[in-house]
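[1] Kindly generate the corresponding structure for this input.
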Amino acid sequence: MTFQKSESAGYLTNHMARLFANGLQRRIQPLGLAPAQFMTLLELWDEDGLTQKQLLERLDVEQATMANTLRRMERDGWIVRRPHPDDGRAHQAWLTPKARAVRDAATDAADAQNGVALTDLSDEERATFLDLMRRVIHAMQVWEGKEAR
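    This is a model prediction of the structure:
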């Protein structure tokens with residue numbers, strides 16, 4: 001049997017993710033945000049003061065990538081980093097007023113991108129699609145030993 005792109009979950013997921021990311025980037029760029037910054041802000045909007053290690057675990061990115069993202073975010077005024085009070089090696093990332101002020105516009109942009117992407121699905125199909133995506137993500141996390149998130 002020959003490999004068929006149209007039948008490959010990995011290929012289709014990667015293609016879909018690129019399209020989502022490109023659309024999101026166009027929508028949040030006027031806010032001064034890049035997609036990696038937006039993903040980090042989503043975590044910090046949920047829980048301000050996370051450490052780099054906690055962000056690594058939640059976003060499942062490489063340490064160097066997260067370090068660069070946080071450095072750029074601090075430079076651009078989205079976060080401030082302060083030493084962790086209980087761990088001298090760790091720093092916490094705290095949102096700035098600038099980051100808090102852009103939350104609604106940024107999440108509205110993401111909602112708009114999701115709306116475009118899912119426009120041809122019924123409400124029931126959307127719910128099923130999202131449930132299936134969560135299940136596949138969970139299966140991949142279990143396989144990689146990262147299910148405790």
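
[2] what's downstream of the helix or strand hosting A99, the next helix or strand?
    Using DSSP states H and E, A99 sits within helix 97-101. Going down the chain from helix 97-101, the next helix or strand is helix 103-117, by DSSP H and E.

[3] average pLDDT across that following helix?
    The average pLDDT within helix 103-117 is 96.

[4] Can I get it in PDB, CA atoms only?
    What follows is helix 103-117, C-alpha atoms only, in PDB (Å, rounded to 0.1, in the frame of the first residue of the first chain):
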ATOM      1  CA  ARG A 103      -6.800  39.800  26.200                       C
ATOM      2  CA  ASP A 104     -10.200  40.400  24.800                       C
ATOM      3  CA  ALA A 105      -9.000  41.400  21.400                       C
ATOM      4  CA  ALA A 106      -6.600  38.500  21.100                       C
ATOM      5  CA  THR A 107      -9.100  35.900  22.200                       C
ATOM      6  CA  ASP A 108     -11.700  37.400  19.900                       C
ATOM      7  CA  ALA A 109      -9.200  37.000  17.100                       C
ATOM      8  CA  ALA A 110      -8.700  33.400  18.000                       C
ATOM      9  CA  ASP A 111     -12.500  32.800  18.200                       C
ATOM     10  CA  ALA A 112     -12.900  34.400  14.800                       C
ATOM     11  CA  GLN A 113     -10.200  32.100  13.300                       C
ATOM     12  CA  ASN A 114     -11.900  29.000  14.900                       C
ATOM     13  CA  GLY A 115     -15.200  30.200  13.500                       C
ATOM     14  CA  VAL A 116     -13.900  30.400  10.000                       C
ATOM     15  CA  ALA A 117     -12.200  27.000  10.300                       C
END
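
[5] Which elements pack onto that helix?
    helix 9-28, helix 35-46 (3 or more Cβ pairs under 8 Å, 6 or more residues apart in numbering; DSSP states H and E). All C-beta spots, glycine's among them, are computed from the backbone N, C-alpha and C.

[6] ok, and what's touching that helix?
    16, 19-20, 23-24, 27-28, 31, 33, 38, 41-42, 45 (Cβ atoms under 8 Å, 6 or more residues apart in numbering).
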